[in-house]
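Chemist: need coordinates for the below:
(chains A and B)
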Amino acid sequence: MQALAPAWRARHTVSRDEATFGYTLLLPAATLIFILVGVPFLRALWLSFHRKLLGSEDAPWIGLQNYATLLEDVVFWQAVKNTFVFTIGSIGTKLAIGLVIALILNEALPLRGLWRSIVMLPYAMPTLVSVLVWKWMYNDVAGVLDYLALQTKLADHPILWLGDPAVAMPAVIAVNVWRGFPFFVITILAGLQTVPQELYDAAKVDGAGVWPRFSQVTLPGILPVVAVTTLFSAILTFNDFSIIWILTQGGPGNATQVLSTLTYRISIPGLELGKGVAVSVLMLPIMVGLIVLLNRFISRREELA
Amino acid sequence: MSAQRIQHLGLRTFGWLLLAMVLVIALFPPYFMAITAFHPPSLSFSRTPTLFSTDLSLRAFSELFSKYPYLTWMSNTAMVSVASTIFSVTVATLAAYSLSRLRYPGRNALSSAVFFVYLFPSTLLFIPMFIVLNSLHMLDWLPALVAVYLTFSVPFSIWLLKAYFLTIPRELEDAALVDGATRWQSLIFIVMPLATPGIAVACIYSFTLAWNEYLYAFTLLSDQSRFTLATGLTKLIFGDVFLWGMIMAGGVLMSAPLLILYFVAQRYIVAGLSAGAVKG
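Modeler: Next up, the predicted model:
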């Protein structure tokens, strides 16, 4: 029957049908996301303008007061600074290690598959378990890292890994790096495989050495993958809660206090739910910026593909 | 030897050394966890750490089981992870197919929205979740935790599956439609079987995300018999005495299912990891 209808009409009905089908399939997911993310998000915004205490029913409107007190609070600004130090320190190190290890593992090495599996191990372990193991290794009584540092004479006195304000931040970054660098290795390795071999051959014929081959062939080839991976990791690191909370709870003092742990500390033990939410809301502009950037990178690559 | 060869040889040696170092660093924490878990718990109270020991024992495990409801935590975690995986992957498969294959107004905006929701911070959502579940008296109710976990596993699975659906040739479906199949039929009989590896990856990731989740479980559960492994194990370190033997034994058991899953499905997992970054 349809074949007899004019062509434009057939196309019209097909696309109507396609749109209905498309929306129908999307409906369950859209409903879930609206109820479980959209509504709580609006509720969070609402809360940030109210004085809502844990355990109390009423929540008077206080306008921007939650935000105003935060912006005058030195601890908040310290958490902002720490969040940036933690995020930039972590992703910088992960990127450097990930890039180098991916380049090495991309070479024809004996037992390469085994080395790759071992490198993936930190990623395969539950984050929480890794954090607990590191907490045990950092322990100040019979901690294995102190023991090794003293035995190998790298240190002449025990180091308070998580108790010394100057050491605590590098120590929590190390755990984030340990857990996250395999993600960089794997994605960069996959990116390296997409660089055409002919380009290397051509560069070799031209007599290009190791460095020019890397900087002019390899690097431009993997740059998109590196950008996407780095942004991804930056977003997740920026929000990381469990590593810092379990290792230091933001201490000593506020040496490792980041915005996510501050949100928790103000809202649950501190009982000020509205003010706690305001901390997270203040993180949003940066988060949104990173997500928009990442989304743009990914969709541009989709168009090219 | 030419200068270039020497340079090359030096670079190779340096590369091997670096790789060896990173491998040792990657292996040491899991090794140390296992050593602590499998030697007599009394040793973790000594002043010098045990780096190697042939004196193996399962005491830490038996103490863990007798002092804490560890197996309950494990079954809670397993139930929550399985339930949220089944829900999210089912819903996400339909949505991902729709977003990757069908044309309709608003599709790209919806696609971006999904991506946005996936990366949406749980630090912003846990407080309203806590307030709502508290007022509904649903704290400590595991089905509510399953629903909360859908906030990240649904968008994540949609995003991962979308990339996968794009790799399935459209012609196969068009052929089925021309032959008179309905859209549902072509989805279920043509596309789904081809998407099985992608769906498997989505399942593995949803399961892993739920198995590892800490912040929501930590804020929404307070009754010890409702704990997941993540919350139960961490409770052990906030006590007065640090029971490292038991904590590491618990860590070994919590890691085991994921490590097995990972070694069985390594190829798929790696494909999934790079799907986002490489395939887009």
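Chemist: show me what counts as buried in stretch B:63-79.
Modeler: Buried residues in stretch B:63-79, counting neighbours by 16 or more other C-beta atoms under 10 Å in any protein chain shown, are found at B:L64, B:F65, B:Y68, B:Y70, B:W73, B:M74, B:N76, B:T77, B:A78. (Glycine included, C-beta is placed from N, CA and C.)
Chemist: can you redo the residues you listed as TSV with secondary structure, pLDDT and distance to B:S2?
Modeler: Formatted as TSV, those follow (DSSP: H, G, I helix; E, B strand; the rest coil; pLDDT from 0 to 100; distance: C-beta to C-beta, whole Å):
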residue	secondary structure	pLDDT	distance to B:S2
B:L64	helix	89	61
B:F65	helix	92	65
B:Y68	coil	90	65
B:Y70	helix	92	63
B:W73	helix	95	63
B:M74	helix	95	61
B:N76	helix	95	65
B:T77	helix	96	59
B:A78	helix	96	60
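Chemist: want to throw these into CSV with distance to chain A?
Modeler: Shown next, in CSV, are the buried residues of stretch B:63-79 (distance: C-beta to the nearest C-beta, whole Å):
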residue, distance to chain A
B:L64, 13
B:F65, 18
B:Y68, 14
B:Y70, 14
B:W73, 12
B:M74, 12
B:N76, 15
B:T77, 10
B:A78, 13
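Chemist: count of neighbours near A:Q193?
Modeler: Per other C-beta atoms under 10 Å in any protein chain shown, the neighbour tally for A:Q193 reads 13.
Chemist: just the CA coordinates for stretch A:282-294, please, in PDB.
Modeler: Written as PDB, here are the backbone C-alpha positions of stretch A:282-294 (Å, rounded to 0.1, in the frame of the first residue of the first chain):
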ATOM      1  CA  LEU A 282      29.700  26.700  43.800                       C
ATOM      2  CA  MET A 283      31.700  23.800  42.200                       C
ATOM      3  CA  LEU A 284      29.100  23.600  39.400                       C
ATOM      4  CA  PRO A 285      30.400  26.400  37.000                       C
ATOM      5  CA  ILE A 286      33.800  24.700  36.800                       C
ATOM      6  CA  MET A 287      32.200  21.200  36.400                       C
ATOM      7  CA  VAL A 288      29.800  22.500  33.700                       C
ATOM      8  CA  GLY A 289      32.700  24.100  31.900                       C
ATOM      9  CA  LEU A 290      34.700  20.900  31.900                       C
ATOM     10  CA  ILE A 291      31.800  18.800  30.800                       C
ATOM     11  CA  VAL A 292      30.800  21.200  28.000                       C
ATOM     12  CA  LEU A 293      34.400  21.200  26.800                       C
ATOM     13  CA  LEU A 294      34.600  17.400  26.900                       C
END
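Chemist: in the stretch 201-305 of chain A, which spans are helices?
Modeler: Ranges of helices within the stretch 201-305 of chain A are A:210-213, A:219-238, A:242-247, A:259-267, A:273-304, based on DSSP state H, counting those that start in this stretch.
Chemist: ugh, typo on my part, it should be the stretch 51-200 of chain B
Modeler: B:59-67, B:70-101, B:107-118, B:122-135, B:142-165, B:170-178, B:183-185, B:192-212.
Chemist: tell me the buried residues in the last one?
Modeler: Put plainly, it is helix B:192-212. Using 16+ other C-beta under 10 Å as the test for burial, helix B:192-212 gives B:195, B:198-212.
Chemist: check whether it comes near chain A.
Modeler: Yes. On the criterion C-beta under 8 Å from any C-beta of the partner chain, helix B:192-212 is in touch with chain A at B:T208, B:W211, B:N212.
Chemist: export the helices of the stretch 201-305 of chain A to JSON lines and tack on distance to chain B?
Modeler: Formatted as JSON lines, the helices of the stretch 201-305 of chain A follow (distance: least, C-beta to the nearest C-beta, whole Å):
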{"stretch": "helix A:210-213", "distance to chain B": "6"}
{"stretch": "helix A:219-238", "distance to chain B": "5"}
{"stretch": "helix A:242-247", "distance to chain B": "4"}
{"stretch": "helix A:259-267", "distance to chain B": "4"}
{"stretch": "helix A:273-304", "distance to chain B": "4"}
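Chemist: most packed of the ones you listed?
Modeler: Burial of those is given as mean neighbour count (mean count of other C-beta atoms under 10 Å in any protein chain shown); helix A:259-267 ranks first at a mean of 26.
Chemist: how distant is that helix from the center of its chain?
Modeler: Helix A:259-267 has its C-alpha centroid displaced from the chain centroid by 18 Å (C-alpha atoms, centre = their mean, to the nearest Å).
Chemist: and that helix, what does it pack onto?
Modeler: If contacts are counted by 3 or more C-beta pairs under 8 Å, 6 or more residues apart in numbering or on different chains; DSSP states H and E, helix A:259-267 sits against helix A:74-105, helix A:242-247, helix A:273-304, helix B:122-135.
Chemist: contacting residues around stretch B:26-43?
Modeler: A:118-119, A:121-122, A:125, A:129-130, A:133-134, A:136-137, A:144, A:178, A:182, B:44, B:50-53, B:55-61, B:63, B:243-246, B:248-249, B:251-252, B:255 (C-beta atoms under 8 Å, 6 or more residues apart in numbering or on different chains).
Chemist: please pick the buried ones from the residues you listed.
Modeler: Buried members of the contacts of stretch B:26-43, counted by 16+ other C-beta under 10 Å: A:118-119, A:121-122, A:125, A:129-130, A:133-134, A:136-137, A:144, A:178, A:182, B:44, B:50, B:57, B:59-61, B:243-246, B:248-249, B:251-252, B:255.
Chemist: ok, now which ones touch the most centrally placed residue in chain A?
Modeler: Closest to where the C-alpha atoms of chain A average out (C-alpha atoms, centre = their mean) is A:L236, at 1.9 Å. When the contact criterion is C-beta under 8 Å, 6+ apart, the partners of A:L236 are A:G180, B:L119.
Chemist: so how far is A:G180 from it?
Modeler: A:L236 sits 8 Å away from A:G180, going by C-beta to C-beta, to the nearest Å.
Chemist: go on, A:F86?
Modeler: Computed as C-beta to C-beta, the A:F86 to A:G180 distance reads 12 Å.
Chemist: shared neighbours, the two?
Modeler: With C-beta under 8 Å, 6+ apart, A:F86 and A:G180 have common neighbours A:T237.
Chemist: report how many residues lie close to A:T20.
Modeler: 13.
Chemist: break chain A into its domains for me.
Modeler: Following automatic domain parsing, one finds the domains of chain A at A:2-48, A:67-304.
Chemist: work out for me the element the closest residue to chain B within the stretch 151-300 of chain A sits within.
Modeler: Closest contact between the stretch 151-300 of chain A and chain B, by C-beta to the nearest C-beta, is at A:A190 (3.5 Å). Here A:A190, judged by DSSP states H and E, is contained in helix A:165-192.
Chemist: other SSEs contacting that helix?
Modeler: Checking 3+ C-beta pairs under 8 Å, 6+ apart, helix A:165-192 ends up next to helix A:74-105, helix A:112-124, helix A:127-137, helix A:219-238, helix A:242-247, helix B:3-38, helix B:266-274.
Chemist: how about low-confidence regions in the chain?
Modeler: Using chain A. A:1-14, A:302-305 (pLDDT under 70).
Chemist: that's the wrong chain, I meant chain B
Modeler: B:1, B:42-47, B:239-242, B:271-280.
Chemist: anything in stretch A:40-58 near chain B?
Modeler: Yes. Applying C-beta under 8 Å from any C-beta, one finds stretch A:40-58 in contact with chain B at A:P40, A:F41, A:R43, A:A44, A:L47, A:K52.
Chemist: sorry, back to before: would you mind putting the domains of chain A into CSV with distance to B:L99 alongside?
Modeler: Below are the domains of chain A laid out as CSV (distance: least, C-beta to C-beta, whole Å):
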stretch, distance to B:L99
domain A:2-48, 7
domain A:67-304, 12
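Chemist: and of those domains, who's closest to B:L139?
Modeler: Of all these, domain A:67-304 sits nearest to B:L139, with 12.3 Å by C-beta to C-beta.
Chemist: list the contacts of the residue positioned nearest the centre of chain B.
Modeler: Closest residue to the average C-alpha location of chain B: B:T208 at 2.0 Å, with C-alpha atoms, centre = their mean. By C-beta under 8 Å, 6+ apart, B:T208 lies in contact with A:P126, B:L258, B:L261.
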